[in-house]
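J.: Take a look and give me a structure for this.
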Amino acid sequence: MRVRSLIVVLPMLAATWAAAATDAPPSSDEEIIVLRINGQEAGSPLLVRRDADGVLLVRTEDFQGLRLKPPQEATVVIDGVAYFRVGATMSADVRFDGATQSADVNLPVDAFLPTVAALPDAMLHPATVSPGAFLNYNLSTQEVAGVDESGALLELGVFGSHGVLTNSMVARDSLEGNSATRLDTTFTYDMPERLATLKVGDGISAPGAWGNAVRYGGVQFGTNFATQPTLVTMPLLAARGEAVVPSTVDVFINGQRIARENVQPGPFALENLPPITGAGELQVIVTDALGRQQVLAQPYYSGPTLLRGGLNEYSFEAGAIRNDYALESFAYGDPFAAATFRRGFNDSFTAEVHAEAQLDGPSALGVDAAWQLGTLGVLTATTALGADEDDTGWLAGLGIERSSRSMHVFARTQLASENFVQIGLSGLAPHPKQRTFAGGGINLNRFGTVQLAFGHQSYWDSERVQTLGASYSLTLGAWGYLSLFANHTRGLTSQTDLYLGWTMSLGNRRTVGSSLSYRPDVPAGESFEATATLQQNLPVGSGTGYYLNVSSTDDARASVSYQGRAGEAGIDYSRRDGVDGWRVSALGGLTLTGAGVLPTRWLDQSFAVVQVADYPDLTVYVENQPIGRTDRKGRVLLDRLRAYETNQVSLDPAELPLDASLTSPTAQLTPAYRSGAVVRFPITRATAATMRLVQESGEPVPPGARVHAPGDEATVALDGLIFLTDAAGYNEGSASWPGHRCRFSFQRPEDGDPMPDLGEVQCRATAP
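T.: Here you go, the predicted model:
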């Protein structure tokens, strides 16, 4: 900064510098030397001087290139040029070598300017959307104890570049009669560049840290971090240290390397390092060119309740509270409004304010804060006021949590006065007084994991409920997994449950297991149950799955299902307490895009239709995993894609026919939320052909004759043979050689042969 200031005011200080040059101590003439700093050559040779004391004088303009901090003492001006003294005041050890015209300078770390580097933050990938629609269906029919019942869940979606509109409904056919009920109708418009989403229609409000979520019809606008999935919302870490010479810095978090950076001599800082949740250790290993290492370690703590410093999260809702959801289609009640705003003021403190109000009903306002207590954990505190037309009450809460690789603990308690009210508390429901939850777990490594949990909930108008649970789990290697669970609940009634389970993988998606359960509080003969289970999960692609379960109480269940490209179908039988029942179901959907109509599985995520010309039975991969094969029109639908993330779609070029030319076997796709895209691979179909060109006399066209055809040129070989690379359909061409010219025509058949031989083709003479 001092050098820049001198440069800015140079015209004003010209006279002063001239005087300084006059009064400057005697110095050597300018000389060109090779400068080595801490054993490393400092780039190009420099023009320097030495003063009467032999101290090295380096021009101020060269200091920035050498990454050196300007010394505190004034500059030396000689012949109008400003110099800095590189000597004892900078703790510099300078040694000249006249034979090689070089100088070796050893400097401490703090003499260098710091190196600051940051890992790249979240990258915004523009979403690819092709207008279209989809229809999901879940159909079922069942019979239980001789009573038949059928049902259907339907969802229609329409999407485009301006968002997605969905509408869902449920229909029933039972003894009570036939009914059809609308569930949700919602338009969703994502704004990834703003990390925000606008929703119009049916939705669920954001409760904040202490509120209640309610269903409503109206408008919601708020932060949606899912629109930038690579964004890290928790506080980031920074690795700091010092390097004496150019070095490589490796950063490890809990033993996993997350960054590598080359740094220059001096202090350095690597910022924007994503942490692993909980307590951990950040290690910085600095390695110089000679392989010498220095290791720096520092503990850290990062919790999901904290936001990065400067990051905001918000949600605003307004509309009418919905009543009797799934029973009535349009039962909307009182208007309401709610707002939640959360901000990370710094990496150690996050605060939230939440407000809500219902017309002719309750309203509440409160704040919540989270503090990071060094490496001990995160402390949270809540306070709120809630009122209606009659009374005003308060709510207060306090909590703490700490998590690490070996142990985690948490505890939170919340108290409410008898008059505290808020949206979502029904007048018929018990009125909460105190809620306390606490627990912890210990990782014993190869000896398993132990967890404890406690819950206490009391009410102003009902009995309190307490729950105490304990669990133990152990991995048995190839012999599977063992779990032990005990739970005791005390309230209006008391209940104790003991459970011991064992599960082992048989490979190929199959598992076998057994369990023992004991409930001493139920009648004798029903307190003990032993079960055995055999299960095969459905594959990612097409295939079958099944589930078999038998019990010592004569209960049983058996099901088999098939999943294909067009959906899933299954049949399920069960017997419980002597009552038999069965169920048949079908789950799937249809899509409409620019590639046509395609059957699909239930679509609850983003998807894409890949088209590879009209080549059937080609394998399509997503992230190198085979997902499906193309149909007779060269299409395959890829469901379950990650919205707003780059999904790599690829083909195996070895599967392509000989007449296909593929520009690139991979494509990058970034779909939008619950929307589809059409990806067409750039396939060029070969249209080559061979023929024997003959004159009207039957003699072959002589070798060396030039052939001209639409889009192609060739030279005649021996015996009139020619090869054309572009010969699709009907074509006319000409051949010429010294003193002669002829014309010909041919038709290339479309029989699938990549290079047909057209036989003899007559070339009729024309004027040269």
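J.: Helices along the chain, start to end?
T.: 2-8, 14-23, 60-66 (DSSP state H).
J.: And the last one, what does it pack against?
T.: The elements that helix 60-66 packs onto, with contact taken as 3 or more CB pairs under 8 Å, 6 or more residues apart in numbering; DSSP states H and E, are helix 2-8, strand 81-86. (C-beta placed from N, C-alpha, C; glycine too.)
J.: Now with 6 Å, please.
T.: Other helices and strands packing on helix 60-66, by 3 or more CB pairs under 6 Å, 6 or more residues apart in numbering; DSSP states H and E, are strand 81-86.
J.: List the strands paired with the strand it packs on, with their directions.
T.: Using DSSP bridges, strand 81-86 pairs in its sheet with strand 56-59 (antiparallel), strand 76-78 (antiparallel).
J.: Would you pull up how far the shortest one lies from the middle of the chain?
T.: Think strand 76-78. Put simply, strand 76-78 sits 58 Å off its chain's centre (CA atoms, centre = their mean, to the nearest Å).
J.: What of stretch 318-335?
T.: 34 Å.
J.: and that stretch, which residues are buried?
T.: Of all the residues in stretch 318-335, those buried under the rule 16 or more other CB atoms under 10 Å are Gly319, Ala320, Ile321, Arg322, Tyr332, Gly333, Pro335.
J.: The stretch 301-450 of the chain: strands as residue ranges?
T.: With DSSP state E, counting those that start in this stretch, the ranges of strands along the stretch 301-450 of the chain come out as 312-322, 332-346, 349-358, 363-372, 378-387, 392-403, 407-416, 432-443, 449-459.
J.: Please list the residues outside the last one that contact it.
T.: Going back to what we said before, that points to strand 449-459. The contact list for strand 449-459 (CB atoms under 6 Å, 6 or more residues apart in numbering) reads 430-443, 464-473.
J.: Would you mind writing the CA trace of that strand as PDB?
T.: The C-alpha trace of strand 449-459 is given here as PDB (Å, rounded to 0.1, in the frame of the first residue of the first chain):
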ATOM      1  CA  THR A 449     -22.800 -49.000  18.600                       C
ATOM      2  CA  VAL A 450     -24.800 -48.200  21.800                       C
ATOM      3  CA  GLN A 451     -27.600 -45.600  21.800                       C
ATOM      4  CA  LEU A 452     -29.900 -44.200  24.500                       C
ATOM      5  CA  ALA A 453     -32.900 -41.900  24.200                       C
ATOM      6  CA  PHE A 454     -35.300 -40.300  26.600                       C
ATOM      7  CA  GLY A 455     -38.500 -38.300  25.900                       C
ATOM      8  CA  HIS A 456     -40.900 -36.500  28.300                       C
ATOM      9  CA  GLN A 457     -44.000 -34.700  27.200                       C
ATOM     10  CA  SER A 458     -46.500 -33.200  29.600                       C
ATOM     11  CA  TYR A 459     -49.700 -31.300  29.000                       C
END
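J.: Strand partners (parallel or antiparallel) of it?
T.: Applying DSSP bridges, strand 449-459 is found paired with strand 432-443 (antiparallel), strand 465-475 (antiparallel).
J.: I'd like those strands as CSV, with mean pLDDT, mean neighbour count and distance to Pro362 appended.
T.: Putting the strands paired with strand 449-459 into CSV (pLDDT from 0 to 100; neighbours: other CB atoms under 10 Å; distance: least, CB to CB, whole Å) gives the following:
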stretch, mean pLDDT, mean neighbour count, distance to Pro362
strand 432-443, 93, 16, 14
strand 465-475, 94, 15, 24
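J.: will you turn these into TSV that also has distance to Ser697?
T.: Output for the strands paired with strand 449-459, formatted as TSV (distance: least, CB to CB, whole Å):
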stretch	distance to Ser697
strand 432-443	93
strand 465-475	87
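J.: Select, out of those strands, the one closest to Arg685.
T.: Of all these, it is strand 465-475 that lies closest to Arg685, at 53.8 Å by CB to CB.
J.: about what we covered before: any chance of the strands paired with strand 81-86 in JSON lines with mean neighbour count as columns?
T.: Putting these into JSON lines (neighbours: other CB atoms under 10 Å) gives the following:
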{"stretch": "strand 56-59", "mean neighbour count": "20"}
{"stretch": "strand 76-78", "mean neighbour count": "20"}
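J.: Mind telling me which of these the model trusts least?
T.: If you rank those by mean pLDDT, strand 76-78 sits at the bottom with a mean of 82.
J.: export the strands of the stretch 301-450 of the chain to JSON lines and tack on distance to Gly739?
T.: Output for the strands of the stretch 301-450 of the chain, formatted as JSON lines (distance: least, CB to CB, whole Å):
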{"stretch": "strand 312-322", "distance to Gly739": "85"}
{"stretch": "strand 332-346", "distance to Gly739": "87"}
{"stretch": "strand 349-358", "distance to Gly739": "91"}
{"stretch": "strand 363-372", "distance to Gly739": "94"}
{"stretch": "strand 378-387", "distance to Gly739": "95"}
{"stretch": "strand 392-403", "distance to Gly739": "92"}
{"stretch": "strand 407-416", "distance to Gly739": "95"}
{"stretch": "strand 432-443", "distance to Gly739": "93"}
{"stretch": "strand 449-459", "distance to Gly739": "94"}
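J.: Looking at those strands, which is nearest to Val701?
T.: Checking those against Val701 by CB to CB gives strand 312-322 as the closest, at 77.8 Å.
J.: Tell me, how many residues neighbour Met407?
T.: For Met407, the neighbour count with other CB atoms under 10 Å is 14.
J.: And it, what's its pLDDT?
T.: Met407 carries a pLDDT score of 88 in this model.
J.: so how far is Pro304 from the closest residue to it other than its chain neighbours?
T.: Nearest residue to Met407, sequence neighbours excluded (CB to CB, 6 or more residues apart in numbering): Ile442, at 5.2 Å. Per CB to CB, to the nearest Å, Ile442 is found 21 Å from Pro304.
J.: What separation is there between the residue nearest to Met407 and Thr375?
T.: 18 Å.
J.: got it, and Gly151?
T.: Per CB to CB, Gly151 is found 53 Å from Thr375.
J.: Which residues are in contact with the residue positioned nearest the centre of the chain?
T.: Nearest to the mean C-alpha position of the chain, by CA atoms, centre = their mean, lies Pro229 at 3.9 Å. Pro229 makes contacts with Tyr644, Glu645, as judged by CB under 6 Å, 6+ apart.
J.: quick one, domains of this structure?
T.: Annotated domains of the chain cover 2-112, 122-175+538-685, 237-302, 426-520, 689-765 [automatic domain parsing].
J.: which one of these lies closest to Ser417?
T.: Nearest of the domains of the chain (CB to CB): domain 426-520, 8.6 Å.
J.: Setting aside sequence neighbours, what's the nearest residue to Arg575?
T.: Of all residues not flanking Arg575 in the chain, Ala556 sits nearest, at 4.9 Å (CB to CB, 6+ apart).
J.: List the contacts of the closest residue to Val609 other than its chain neighbours.
T.: Leaving aside its chain neighbours, Val609 sits nearest to Ala595 (4.4 Å; criterion: CB to CB, 6+ apart). Contact analysis of Ala595 by CB under 6 Å, 6+ apart lists Val609, Gln611, Arg635, Val678.
J.: Looking at those residues, which is nearest Ser168?
T.: Val609 (22.9 Å).
J.: so that closest one makes contact with Thr593?
T.: Yes. When contacts are counted by CB atoms under 6 Å, Val609 is listed as touching Thr593 (5.3 Å).
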